[in-house]
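# Could you work out the structure for the sequence below:
(chains A and B)
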Number of protein chains: 2
Amino acid sequence: MKTTTGKGAGPDAVLDTRERIVRAASRLMQRQGYDGTGIKQISQEAEATLGSLYHFFPGGKQELAVAAIRHGDEEFADILRGALESAEDPGDALVACTTTLAEILRASDWTDGCPVTATALGTAGRAPDIQQAAAEAFARWRGLVHAKLTAAGFADDAARDLAHTVISTLEGAELAAQVSRSEEPLHTAGRHLARLIACYR
Amino acid sequence: MKTTTGKGAGPDAVLDTRERIVRAASRLMQRQGYDGTGIKQISQEAEATLGSLYHFFPGGKQELAVAAIRHGDEEFADILRGALESAEDPGDALVACTTTLAEILRASDWTDGCPVTATALGTAGRAPDIQQAAAEAFARWRGLVHAKLTAAGFADDAARDLAHTVISTLEGAELAAQVSRSEEPLHTAGRHLARLIACYR
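The predicted structure is shown next:
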């Protein structure tokens, strides 16, 4: 159970503060990247003191980025799971997924792309734990697609390969849509992924 | 004609200094993003004074980022053009393209991904000229794929749509390969793009 205000002295309030910090870090890094986001801005956006921020994340920004990526991982997994469950046919489900992603992207005025990419990009080499969290996110999303495909009767090998390309294409189409401020790359990707999957039937 | 040292008083030397600055900015922003890259680091890496940097780019980092994206645009266009010309069949050519991208990525220890994405991501909203340069890059790359497909006999509409998904998938697979430090997403994407294109024959 969560409090709505985040105030009060119970364990719910403590949970809420941490959650608010992670959500703020996730949203800011999604929009501005890791280096573009400062600890102070996160604390302001989360309405949490710097003290409480360092209480929950003694490792500072880098530790927060890992938590932000895990939050983004869950967020995208929920969208993907919802879309995959919305239709029996995996191809139809992926079209639904690109439609949802396009709606979210447009509603955010093209700022809220993949909740993991902007945070992870540019930290390669200097922050292996951030990189690792991003790799785990991609692997989990592929796992959801793989499960949908095998449940629909695809062979394990084909499902595994297709899951790679589904997630890569969704990622790239979201990026292209964001850059060009247009839903078209996502809608086109949805249709093509459905077609590709049908080829492997 | 270019001098190799960048020293001397002729127009070649002037060209060289500007070129060195743009290349340094492009490589650093590709690896560290826009916010992770400072003007000082660019001037050091380019072996150019801050004075000459501001001489060529009075608009500072933002103007440099636009030039860096245009440089990355050309760089990727060259790779893509080379791969597209390497085989008659567009599908085979795209497989060659993913192989080349995988080699470059591995050789850079997974740091040199798309030369445009990291620079453009996170600047949406605050730097429309950076965003615009990135959108032009994506459009140019799609144009190369579109031309290859129409030359191979594809209908204009199908070629246009496929070009969208080819570029989105290459982008996303490069990102996935970078994050997971594995060539697999790229090789898989190459095979699947060839298969998708064959579907539209």
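# Report the contact partners of residue A:131.
Taking Cβ atoms under 8 Å, 6 or more residues apart in numbering or on different chains, we find residue A:131 in contact with A:120, A:123-124, B:179, B:181. Glycine gets a C-beta too; all of them are placed from N, C-alpha and C.
# Report the two of the residues you listed separated the most.
The distance between the two most remote of the contacts of residue A:131 (Cβ to Cβ) is 13.3 Å, for A:123 and B:181.
# Which one among the contacts of residue A:131 sits at the bottom for pLDDT?
Among those, residue A:124 has the lowest pLDDT, at 74.
# Neighbours of the nearest residue to that residue once chain neighbours are set aside, how many?
Using Cβ to Cβ, 6 or more residues apart in numbering or on different chains and skipping the chain neighbours, the partner closest in space to residue A:124 is residue B:111 (5.2 Å). Residues lying near residue B:111 (other Cβ atoms under 10 Å in any protein chain shown) number 16.
# quick one, what contacts residue B:111?
A:124-125, B:30-31, B:178 are the contacts of residue B:111 under Cβ under 8 Å, 6+ apart.
# make it 7 Å
By Cβ atoms under 7 Å, 6 or more residues apart in numbering or on different chains, the contact set of residue B:111 is A:124-125, B:31.
# now those residues: which count as buried?
For the contacts of residue B:111, a neighbour count by 16 or more other Cβ atoms under 10 Å in any protein chain shown gives the buried set as A:124, B:31.
# and which of the contacts of residue B:111 is nearest residue A:18?
Closest to residue A:18, out of all of the contacts of residue B:111 and judged by Cβ to Cβ, is residue A:124, at 27.4 Å.
# which other residues reach the helix or strand encompassing residue A:193?
Secondary structure from DSSP states H and E places residue A:193 in helix A:184-199. Contacts to helix A:184-199, defined as Cβ under 7 Å, 6+ apart, come from residues A:90-92, A:94-95, A:97-99, A:101-102, A:162, A:166, A:169-170, A:173-174, A:176-177, B:161, B:164-165, B:168, B:192, B:195-196, B:199.
# now the residue in chain A that chain B sits nearest to, nearest residue through space, not along the chain?
Chain B sits closest to residue A:172 of chain A, with a gap of 2.8 Å, by Cβ to the nearest Cβ. Among residues not flanking residue A:172 along the chain, residue B:172 sits closest, at 2.8 Å (Cβ to Cβ, 6+ apart).
# Any regions of chain A where pLDDT drops low?
A:1-15 (pLDDT under 70).
# just the helices in chain A please.
Applying DSSP state H to chain A gives helices spanning A:11-32, A:39-45, A:50-56, A:60-85, A:90-107, A:117-120, A:128-151, A:156-180, A:184-199.
# can you tell me if the fourth one touches chain B.
The one in question is helix A:60-85. No - Helix A:60-85 lies out of reach of chain B by Cβ under 7 Å from any Cβ of the partner chain, never closer than 10.3 Å.
# What angle do helix A:11-32 and that helix make with each other?
90 degrees (axes from the mean of the first three to the mean of the last three Cα atoms, to 10 degrees).
# List the buried residues for helix A:60-85?
Judged by neighbour count using 16+ other Cβ under 10 Å, the buried positions of helix A:60-85 are A:61, A:63-73, A:75-76, A:79-80, A:83-84.
# between it and helix A:184-199, how many degrees?
60 degrees.
# picking that back up, weed out the non-buried ones from the contacts of helix A:184-199.
With burial judged by 16+ other Cβ under 10 Å, the buried subset of the contacts of helix A:184-199 is A:90-91, A:94-95, A:97-99, A:101-102, A:162, A:166, A:169-170, A:173-174, A:176-177, B:161, B:164-165, B:168, B:192, B:196.
# re the thing from before, I figured the residue of chain A closest to chain B was touching residue B:176, is that so?
No - taking contacts as Cβ atoms under 7 Å, residue A:172 lies outside contact range of residue B:176: 8.9 Å.
# Which residue is the nearest non-sequential neighbour of residue A:193?
residue A:94 (4.6 Å).
# just checking, the one you found touches residue A:165?
No - the pair residue A:94 and residue A:165 fails to qualify as a contact (Cβ under 7 Å) at a distance of 10.9 Å.
# so how far is stretch A:91-110 off the chain centroid?
Stretch A:91-110 sits 13 Å away from the centroid of its parent chain (Cα atoms, centre = their mean, to the nearest Å).
# Now list whatever residues contact both of residue A:94 and residue A:165.
With Cβ under 7 Å, 6+ apart, residue A:94 and residue A:165 have no common neighbours.
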